[in-house]
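> here's a sequence, model it:
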Amino acid sequence: MTNSGGSRSSWQGIILGHKGKGQRKRLPFLLQSIMIPINVSTLMLSPAFAADVPGERGLFHCFHAVRLAALVLLLGWQTAYARPDMAPLGSNIADRGSAYYHFTQKQFDSLDGKRHYKVWTGVPNKSAPPGGFPVLYMLDGNAAMDKLSEAFLHKLFAANPPVLVAIGYQTDLPFDLDSRAYDYTPAGTETEQLRGRAGGGSTAFRQLLEARIAPAVEKGIAINPAQRGLWGHSYGGLFVLESWLSSSFFTATFSAVPSLARNDFRLLKAMEALSPQQAAGKHLYLMEGDGDRRTQDENSESGVLPRVRSTLKKLNQHGVSATYRVFPGLTHGAMFTASLQAALRQISQAEK
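Coordinates of the predicted model:
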């Protein structure tokens, strides 16, 4: 039997674990081909296919071999898709220098001494406006700094440039996966929801951010507290959303692709119960991309995004300041840069 993905022997090698010649080269094609709709039942029930499988006694074994192989390949494809690029970072705009901003760096430790932070602060090379500079705090600071270019800073500088505060970790990697999983997720987040990592440390991290990091980085800088923003993506988006619900320290909160289905929609339920008084003086920007409405995106669960849109519409009707924005065609990963730039343009008043 032959198929569009290769010869009969290639299927045997994959299904039965044979290390046939050329197997490694066929895998990428098979990982792509598995997403193409096929009549699997026809394949599994084909007597010719069953007879071609060496060492098997019949259709029963073939059936389960195909099912197992398909499951393994599909899970492997989705896991690889969901992983961020973890290649070590090179120099960023702070290292290279900018004509529009000057940068400094500070280091902090968590109260329990288990997580270690690197915080970049970028101040515009111009006089502060009468009320002080706006400021945007950016989570996943290592990756965020990597996304800032001189050309983009020039655009911010031409408007009302914000002070930039990138809160990263003491690593050369774009993300500290264990630390961010703990810092950015609410109490009650189970380890199985975080690929085995510990979570639930958002309250402690928020206290560190508001009581230690912010006062230290803002010292000596003319900051307008009425224009203090916070941006985060994915787990960071969860942290931003929870901050909007529980704290008044940040007046503009930019939550990008938060995983709202976690913990039985706890944060979404809290949004639905929010009163105008609790949200007074704050604005929520919730940003989603619609480019990967498949199972690897947790917000793809049926009914999640319509429920989010409905919730924000009701909040608006009750006087709560909240904006829902969809970025057409952008995937979960692509939303990192797009939402970061949108938040920076918004807080600099370069985007209305």
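
> show me what contacts Glu272?
Contacts for Glu272 (C-beta atoms under 8 Å, 6 or more residues apart in numbering) come out as 311, 314. Every C-beta, even on glycine, is put in place using the N, C-alpha and C of the backbone.

> against which helices or strands is the longest strand along the chain packed?
If you go by DSSP state E, the chain has its longest strand at strand 223-233. In this structure, strand 223-233 makes packing contacts with strand 133-138, helix 235-246, strand 252-256, helix 335-347, judged by 3 or more C-beta pairs under 8 Å, 6 or more residues apart in numbering; DSSP states H and E.

> in that strand, what's buried?
For strand 223-233, burial by neighbour count (16 or more other C-beta atoms under 10 Å) applies to 223-224, 227-233.

> ok, back up a step: just say which of the helices and strands packed on strand 223-233 is most tucked in.
Mean neighbour count (mean count of other C-beta atoms under 10 Å) peaks for strand 252-256 among those, with a mean of 28.

> those strands in the stretch 51-200 of the chain, which residues are they?
Per DSSP state E, counting those that start in this stretch, the stretch 51-200 of the chain carries strands over the ranges 101-109, 116-124, 133-138, 163-169.

> will you turn those strands into a markdown table that also has distance to Met335 and mean pLDDT?
Shown next, in a markdown table, are the strands of the stretch 51-200 of the chain (distance: least, C-beta to C-beta, whole Å; pLDDT from 0 to 100):
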| stretch | distance to Met335 | mean pLDDT |
| --- | --- | --- |
| strand 101-109 | 24 | 98 |
| strand 116-124 | 22 | 98 |
| strand 133-138 | 14 | 98 |
| strand 163-169 | 18 | 98 |
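
> phi and psi next, for Gln317.
phi -60, psi -30 (degrees, to the nearest 10).

> any idea how many residues pack against it?
By other C-beta atoms under 10 Å, the residues close to Gln317 number 8.

> got it, and Gly333?
If we define neighbours as other C-beta under 10 Å, then Gly333 has 19 of them.

> what sits against it?
Applying C-beta under 8 Å, 6+ apart, the residues contacting Gly333 are Pro84.

> cool, Ser179 as well?
Counting by C-beta under 8 Å, 6+ apart, Ser179 has contacts 115, 169.

> neighbouring strands - and their directions - for the longest strand of the chain?
Take DSSP bridges as the rule and strand 223-233 pairs in its sheet with strand 133-138 (parallel), strand 252-256 (parallel).

> make JSON lines from those strands and add distance to Ala338 to it.
Putting the strands paired with strand 223-233 into JSON lines (distance: least, C-beta to C-beta, whole Å) gives the following:
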{"stretch": "strand 133-138", "distance to Ala338": "14"}
{"stretch": "strand 252-256", "distance to Ala338": "8"}
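
> among the buried residues of strand 223-233, which two are most distant?
The largest separation in the buried residues of strand 223-233, counting by C-beta to C-beta, is between Asn224 and His233 at 24.5 Å.

> could you pull up the residues touching Gly229?
Gly229 touches 134-137, 162, 250-254, 343, 347, counting by C-beta under 8 Å, 6+ apart.

> 7 Å instead, please
Going by C-beta atoms under 7 Å, 6 or more residues apart in numbering, Gly229 touches 134-137, 250, 252-254, 343, 347.

> how close does the closest residue to it other than its chain neighbours get to Pro84?
Spatially, and ignoring its direct neighbours in sequence, Gly229 is nearest to Ala252 (3.8 Å; C-beta to C-beta, 6 or more residues apart in numbering). Ala252 sits 25 Å away from Pro84, going by C-beta to C-beta, to the nearest Å.

> and the residue nearest to Ala128 when sequence neighbours are not counted, how many neighbours?
Excluding the flanking residues, the one nearest Ala128 by C-beta to C-beta, 6+ apart is Ala222, at 3.8 Å. Around Ala222 there are 14 other residues, counting by other C-beta under 10 Å.
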